[in-house]
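Q: Show me how the following folds:
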Amino acid sequence: MGLGRRTVVVADDDAGVRHVIAEYLASQGYVVHEAANGLETLTLVKDTSPAFVVLDVVMPRLGGIETLKRIKTSHPATGVVVMTGRASEFREPALASGALEVLEKPVDLPALLRAVGGPAAETPGSKEGRPAAAARPAVSKGRARVLVVDDDPRVNDVLTELVAAEGYAASSATDGASAIRAIVEQPPHVVLLDIAMPGLNGIDALKTIRAIAPDVQVIMVSGAGEREAASIALAYGAFDYIAKPVNLPYLAASLEMALVMTQVIR
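A: Model (predicted):
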């Protein structure tokens, strides 16, 4: 069987990450299949002979490096793009095992698209019965609204300026209650939400946002001692969390992926 020229398998045990990447590639013209572990990946590779596999390194049921080796043995012409949160540890063994590229998580979506050779030549069809993401109207950065919520005026100002510098329409609120009012009045696409705030704290504000505006993606901003609270926030539906002091490249990548997610769930 020849390679499926527009077919990609996206393999990641994190369903949220997997879904965002899959829908992004679908919007670029690819036929996308998703796998949650190594065994599912190998089965899909056998069944579909994809042109590319986007492969997370750390997965259950056969880890990414071993899966990579088996793919390159059975389908040597399939290009494998490895993604990992520990690139310094896995880059060398992944490349030695035949990876086409190794990308640091959170994955820069345009970089991923370049790694698989750019947009597919043809207009995408549906993915397993769903309309392809390309059929959804995209929101450009300049039109995408991001609400920054932090009770520290200096942090609030810095984050708002950073978001605006990335090309988004940025606004701000200084506490959870005013953030909720702003969201009711005009729902943003993404909220950057501080965890530790007086009054309505970040976790409670997140619960309210998920109830009144479930399409809004919330990125939590946490201090060094708030990792447990950040994990709780993810369990309550936060899209991501960013530790203070904020890493700008990570923030930019997280905002971009959150914006893609707003298109996915429409």
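Q: Can you give the distance from the helix or strand containing residue 53 to the centre of its chain?
A: If you go by DSSP states H and E, residue 53 is part of strand 50-56. Taking Cα atoms, centre = their mean, to the nearest Å, one finds strand 50-56 lying 16 Å from the centre of the chain it belongs to.
Q: quick one: buried residues of the helix or strand harbouring residue 40?
A: Assigned by DSSP H and E, residue 40 belongs to helix 38-48. Of the residues in helix 38-48, 38, 40, 41, 42, 44, 45, 48 count as buried by neighbour count, 16 or more other Cβ atoms under 10 Å. (Glycine included, C-beta is placed from N, CA and C.)
Q: just those now: which is nearest residue 170?
A: Minimum distance to residue 170 across the buried residues of helix 38-48 is 38.9 Å, recorded for residue 41 (Cβ to Cβ).
Q: Provide a list of residues in contact with that closest one.
A: Residue 41 makes contact with 9, 11, 35, 53, 55, 59, 62, 67, 71 under the criterion Cβ atoms under 8 Å, 6 or more residues apart in numbering.
Q: Remind me what the strand holding residue 53 packs against, helices and strands.
A: strand 4-11, helix 15-27, helix 38-48, helix 64-74, strand 79-84 (3 or more Cβ pairs under 8 Å, 6 or more residues apart in numbering; DSSP states H and E).
Q: pLDDT averaged over the second one - what is it?
A: So that's helix 15-27. The average pLDDT within helix 15-27 is 86.
Q: now that helix, how far from the centre of its chain.
A: Its chain's average C-alpha position is 8 Å from that of helix 15-27, according to Cα atoms, centre = their mean.
Q: Past it, which element shows up next along the chain?
A: Past helix 15-27, the next helix or strand by DSSP H and E is strand 31-35.
Q: what helices or strands is that following strand leaning on?
A: strand 4-11, helix 15-27, helix 38-48.
Q: Make CSV from these and add distance to residue 152 to it.
A: Converted to CSV, these look like this (distance: least, Cβ to Cβ, whole Å):
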stretch, distance to residue 152
strand 4-11, 38
helix 15-27, 28
helix 38-48, 44
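Q: Figure out which of these is closest to residue 86.
A: Per Cβ to Cβ, nearest to residue 86 of the helices and strands packed on strand 31-35: helix 15-27, 14.9 Å.
Q: Next, the angle strand 31-35 makes with the closest one.
A: Angle, helix 15-27 to strand 31-35, by axes from the mean of the first three to the mean of the last three Cα atoms, to 10 degrees: 170 degrees.
Q: Convert the C-alpha atoms of helix 15-27 to PDB, please.
A: Listed next in PDB are the C-alpha coordinates belonging to helix 15-27 (Å, rounded to 0.1, in the frame of the first residue of the first chain):
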ATOM      1  CA  ALA A  15      -6.700  14.200  24.700                       C
ATOM      2  CA  GLY A  16      -6.700  18.000  24.700                       C
ATOM      3  CA  VAL A  17      -3.300  18.400  23.100                       C
ATOM      4  CA  ARG A  18      -4.100  15.600  20.600                       C
ATOM      5  CA  HIS A  19      -7.400  17.200  19.600                       C
ATOM      6  CA  VAL A  20      -5.900  20.700  19.100                       C
ATOM      7  CA  ILE A  21      -3.100  19.400  16.900                       C
ATOM      8  CA  ALA A  22      -5.400  17.100  15.000                       C
ATOM      9  CA  GLU A  23      -7.900  19.900  14.200                       C
ATOM     10  CA  TYR A  24      -5.200  22.300  13.300                       C
ATOM     11  CA  LEU A  25      -3.700  19.800  10.700                       C
ATOM     12  CA  ALA A  26      -7.200  19.100   9.500                       C
ATOM     13  CA  SER A  27      -7.700  22.800   8.900                       C
END
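Q: show me where pLDDT drops low in the stretch 1-150 of the chain?
A: 1-5, 60-61, 121-141 (pLDDT under 70).
Q: please redo it, this time with the cut-off set to 80
A: Along the stretch 1-150 of the chain, segments meeting pLDDT under 80 span 1-5, 58-64, 87, 120-142.
Q: domain ranges for this protein?
A: Taking automatic domain parsing as the reference, the chain has its domains at 4-135, 141-264.
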